[in-house]
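Student: give me a 3D structure for the following:
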Amino acid sequence: MPNLRWIFIAFLLPFSLLSSYQAECQGQEPMTLQNADSLFSQKQYQEALGIYEHILYEEGTYSPAMLLKMGFIAEGIGDFGQASLYLSKYYEHNPNPAVIEKIKSLTNQSRLEGYEVSDQDRFLSILVAYKTEITASFALLLVLSLIMVFVLPQKRSVFYIPALIFMVLAFISNNFIEKPETAIITGTTVLIMDQPSAAGKLVKRVQAGHRITIASSQDMWYQIEWNKRKAFIRKTDVSKI
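Tutor: Just a heads-up that it's a prediction; the model follows:
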């Protein structure tokens, strides 16, 4: 058996690699919310913030409590722009006036734009929160209508219109119920222009902390609405919420 030794080595190699990988993983801190909260309670704020940011930006999940802790840490290290961003994200879920006052104090602003929440905004938030359930309900009604078309062929014309209506509603619900994209101004002395160009007319010179709604994107500019008029702001001057 001339190649028995090499066969034995080839057989053991995957197991040795797996053991090395497991040992490496065990030596790393788990990127979990529970571990981050534990580090936060131990006042290991920098380590906790690193895990919180991984959860927020890599996994795309977060809780309001996590955002408050991130804002607390960012404020503690003097990063008031990021602290305002985390608080703005928190405001999306809990539109509390105290949050606005805190952002004002962080950004040295006496008045902030874009934080007003209308009844229309609240209604849209409810629709977005229950988008899956609403779409599933319309889809179910559509299926039931189609079943009735085949079960009662003598009355199928009665169910054609409801089936068409439910199909349109399911399509609209699935494709058009979306929350407007918002951002917070994080740059200092930001220029809002009437055109997507530095050669345009100045609409307003603002500081960090204001909240804006993004209508569209054009090269290095975002189209926004400022005081009920179309305006443009550089992408580098804002952070999306």
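Student: okay, now the sheet partners of the biggest strand by length in the chain, with direction.
Tutor: If you go by DSSP state E, the chain has its longest strand at strand 211-218. According to DSSP bridges, strand 211-218 has the following sheet partners: strand 181-185 (antiparallel), strand 221-226 (antiparallel).
Student: give the buried residues for it.
Tutor: R211, I212, T213, I214 (16 or more other CB atoms under 10 Å). From N, CA and C alone the C-beta is placed, and that goes for glycine too.
Student: what's the domain layout of the protein?
Tutor: Segmentation of the chain into domains, based on automatic domain parsing, reads 33-107, 120-176, 181-240.
Student: output the contacting helices and strands for the host helix or strand of L146.
Tutor: Using DSSP states H and E, L146 sits within helix 131-151. Counting contacts by 3 or more CB pairs under 8 Å, 6 or more residues apart in numbering; DSSP states H and E, helix 131-151 packs against helix 156-176.
Student: could you rerun that using 10 Å?
Tutor: Counting contacts by 3 or more CB pairs under 10 Å, 6 or more residues apart in numbering; DSSP states H and E, helix 131-151 is packed against helix 119-129, helix 156-176.
Student: deepest of the strands paired with strand 211-218, which one?
Tutor: Stretch with highest mean neighbour count among the strands paired with strand 211-218: strand 181-185 (a mean of 21; mean count of other CB atoms under 10 Å).
Student: and the next helix or strand past that one?
Tutor: Strand 181-185 is succeeded, C-terminally, by strand 190-193 (DSSP H and E).
Student: next, the angle strand 181-185 makes with the next helix or strand after that next one.
Tutor: Note on strand 190-193: by DSSP H and E, the next helix or strand toward the C-terminus is strand 202-206. Counting by axes from the mean of the first three to the mean of the last three CA atoms, to 10 degrees, strand 202-206 lies at 60 degrees to strand 181-185.
Student: which residues are contacting strand 202-206?
Tutor: In this structure, residues lying in contact with strand 202-206 by CB atoms under 10 Å, 6 or more residues apart in numbering are 109, 112-113, 185, 187-195, 210, 212, 224, 226-227, 229-233, 237.
Student: quick one, which of the residues you listed are buried?
Tutor: 109, 112, 185, 187, 190-193, 210, 212, 224, 226, 231-233, 237.
Student: any idea which of those is closest to Y160?
Tutor: I224 (44.0 Å; CB to CB).
Student: what comes up buried for stretch 36-49?
Tutor: The neighbour-count check on stretch 36-49 (16+ other CB under 10 Å) flags A36, D37, L39, F40, Y45, A48, L49 as buried.
Student: would you reformat the residues you listed as TSV and include distance to H93?
Tutor: Shown next, in TSV, are the buried residues of stretch 36-49 (distance: CB to CB, whole Å):
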residue	distance to H93
A36	19
D37	18
L39	23
F40	19
Y45	23
A48	20
L49	20
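Student: so where's this protein uncertain?
Tutor: Counting by pLDDT under 70, the chain has low-confidence residues at 1-30.
Student: how about G71, what does it touch?
Tutor: G71 touches 79-80, 82-90, 99, 102-103, 106, counting by CB under 10 Å, 6+ apart.
Student: farthest-separated two in the residues you listed?
Tutor: Maximum distance among the contacts of G71 (CB to CB): 17.4 Å, for D79 and V99.
Student: between these two, which is the more surrounded one?
Tutor: V99 (19 against 16; other CB atoms under 10 Å).
Student: next, give phi and psi for that one.
Tutor: phi -70, psi -40 (degrees, to the nearest 10).
Student: what comes up buried for the helix or strand containing E101?
Tutor: According to DSSP H and E, E101 maps onto helix 97-107. Residues V99, I100, K102, I103, K104, L106, T107 are the ones in helix 97-107 that count as buried (16+ other CB under 10 Å).
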